[in-house]
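S.K.: Quick one: sequence plus predicted model below, questions after.
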Amino acid sequence: MPGSTPPPPAPDGPRRGRERSWSGTAIAVASLLLVTVLVMGGAWKMLEPEPATGLSGRAEAVVTEVRKRSGGGPMGGGTTVFVTYTVQGTTYEDVVLRERRSVPETGQTLAIAYAPGEPDRPHSVEAVESPGPGPGGRIILMVVLLPGLLLLIGLIVSPVWERFAG
C-alpha cells in the first residue's frame, strides 16, 4: 500500500554488523590475562637474586673517598665509593667499589669480594651475598607494574576491540 511503512523485522530477523559473542569476549580476556601473567612472570624472574659466581676472594678495604654528585632526570644523582685494600701483598689504592647496598663513610672498613683473577675489581660482600631488590622491592615493583601493564594493554587493544565488536 502506498504511504504505509514496512513492519519492523522480527526479533530473529536479519541484523546488521557483527554480533558480540561471549566466546569471543572470553578468548580476548583470557589472552590479555595470559600476556599479563607472562610479562609479570618475566619481570619477577629478572628481579630474582642471582648468586654471585666467581667472587670467592675476600679482603678488608678502607673507604678512602665518597663522591656524591647531584643530577636531574629520572635517576637523580649518584655516589661513587673509592676503597684501598691489599691482596696477596699487592695494595690497590683508590679503586672504585663496583657493587654495594649502602653508602659507607670515608674511613670506614668494609669487607670486599673479588674474582681471584681480578682483584682490582672489588664488590662489597654485603651486595654479593644479598643481591637483588629483595621480596619487598619485587612486590612494590609488581604493584606498580601490573596496573601500568594492564593500562597499556587496554590502550593498545581498545581500538582494535571496538573495530572487532563494532
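M.R.: Thanks, I have it. Numbers count the residues shown, from 1 in each chain.

S.K.: Please list all residues in contact with Arg67.
M.R.: The neighbours of Arg67, taking CB atoms under 8 Å, 6 or more residues apart in numbering as the test, are 79-82. From N, CA and C alone the C-beta is placed, and that goes for glycine too.

S.K.: switch the cut-off to 7 Å
M.R.: 79-80 (CB atoms under 7 Å, 6 or more residues apart in numbering).

S.K.: Okay, and it sits in which element?
M.R.: strand 57-69 (DSSP states H and E).

S.K.: who does the following helix or strand past that strand touch, helix- and strand-wise?
M.R.: Downstream of strand 57-69, the first helix or strand assigned by DSSP H and E is strand 78-87. Counting contacts by 3 or more CB pairs under 7 Å, 6 or more residues apart in numbering; DSSP states H and E, strand 78-87 packs against strand 57-69, strand 90-96, strand 118-124.

S.K.: okay, the second one in CSV with CA atoms only?
M.R.: Extracted as CSV, the C-alpha positions of strand 90-96 are listed here (Å, rounded to 0.1, in the frame of the first residue of the first chain):
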residue,chain,number,x,y,z
THR,A,90,99.7,-6.0,46.4
THR,A,91,98.0,-2.8,47.5
TYR,A,92,95.2,-1.4,45.4
GLU,A,93,94.6,2.3,46.1
ASP,A,94,91.5,4.4,45.4
VAL,A,95,89.7,1.7,43.4
VAL,A,96,86.0,2.2,42.6
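
S.K.: Okay, buried residues for it please.
M.R.: 92, 95 (16 or more other CB atoms under 10 Å).

S.K.: List the strands paired with it, with their directions.
M.R.: strand 78-87 (antiparallel) (DSSP bridges).

S.K.: same check, this time on the first one
M.R.: Neighbouring strands of strand 57-69 in its sheet, by DSSP bridges, are strand 78-87 (antiparallel), strand 109-115 (antiparallel).

S.K.: Mind checking those strands for the one nearest to Glu126?
M.R.: strand 109-115 (7.5 Å; CB to CB).

S.K.: any idea of the mean pLDDT in the helix or strand hosting Val39?
M.R.: Under the criterion of DSSP H and E, Val39 resides in helix 22-46. Across helix 22-46, the average pLDDT comes to 68.
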